[in-house]
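Colleague: Need coordinates for the below:
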Amino acid sequence: METKRPVWWWALVVTTIAAAFFVLLHLIDDLSQEGEGTFTQVVIAVTSGLLAVTWLLAISLSLRQERAGYGVVLVLGFLGAYIALDHTVGLSPSVAAIAQTSGLFFAWVVVGAGIASVLATLFAGYGLVRDRSSWGQEA
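Modeller: Numbering: from 1, shown residues only. Down below sits the predicted model:
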């Protein structure tokens with residue numbers, strides 16, 4: 001018999017999928033802005049592929065309510081939040097510069113990535129600390 005999933009768990013899954021979508025969409029935009037055949041383009045492409053596989057693994061582990069999935073989502077959420085913060089404060093091309101070169105949609109993608117990543121990080125952190133007393137009792 002299937003137990004009913006808590007609301008925070010559903011929120012974790014939805015925000016993690018949204019964060020992965022927005023961050024990968026942002027990296028695809030970065031890839032399209034680089035020149036052809038450059039080393040940076042290859043690095044972004046490989047990073048995007050590895051990040052997509054890692055995020056899918058984290059989502060699947062979170063679907064099984066495993067702590068390892070929550071930990072990976074926590075780390076990737078921090079990464080997504082850093083990417084958005086980096087563009088927001090202007091360390092990389094700012095959100096305004098992204099809007100001028102790629103369009104307003106991709107500027108909002110950065111904002112969406114930041115919001116979804118922060119929420120996924122919060123829900124993953126909650127998942128990690130909610131059952132600390134029962135960690136050693138699972139067999």
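
Colleague: residues contacting Ser32?
Modeller: If you count contacts by C-beta atoms under 8 Å, 6 or more residues apart in numbering, Ser32 has them with Ser102. (Each C-beta comes from the backbone N, C-alpha and C, glycine too.)

Colleague: Identify each buried residue in the helix or strand harbouring it, please.
Modeller: Following DSSP states H and E, one finds Ser32 within helix 7-33. The neighbour-count check on helix 7-33 (16 or more other C-beta atoms under 10 Å) flags 9, 12-13, 15-20, 22-27, 29-31 as buried.

Colleague: For the chain, give me the ranges with low pLDDT.
Modeller: 1-2, 34-37, 131-139 (pLDDT under 70).

Colleague: Repeat the analysis, applying 80 as the threshold.
Modeller: By pLDDT under 80, the low-scoring segments of the chain are 1-3, 31-41, 44, 90-91, 131-139.

Colleague: Tell me where it has helices.
Modeller: Secondary structure of the chain by DSSP state H: the helices cover 7-33, 39-63, 67-88, 95-101, 104-129.

Colleague: Mind giving me the packing neighbours of the last one?
Modeller: Put plainly, it is helix 104-129. Counting contacts by 3 or more C-beta pairs under 8 Å, 6 or more residues apart in numbering; DSSP states H and E, helix 104-129 packs against helix 7-33, helix 67-88, helix 95-101.
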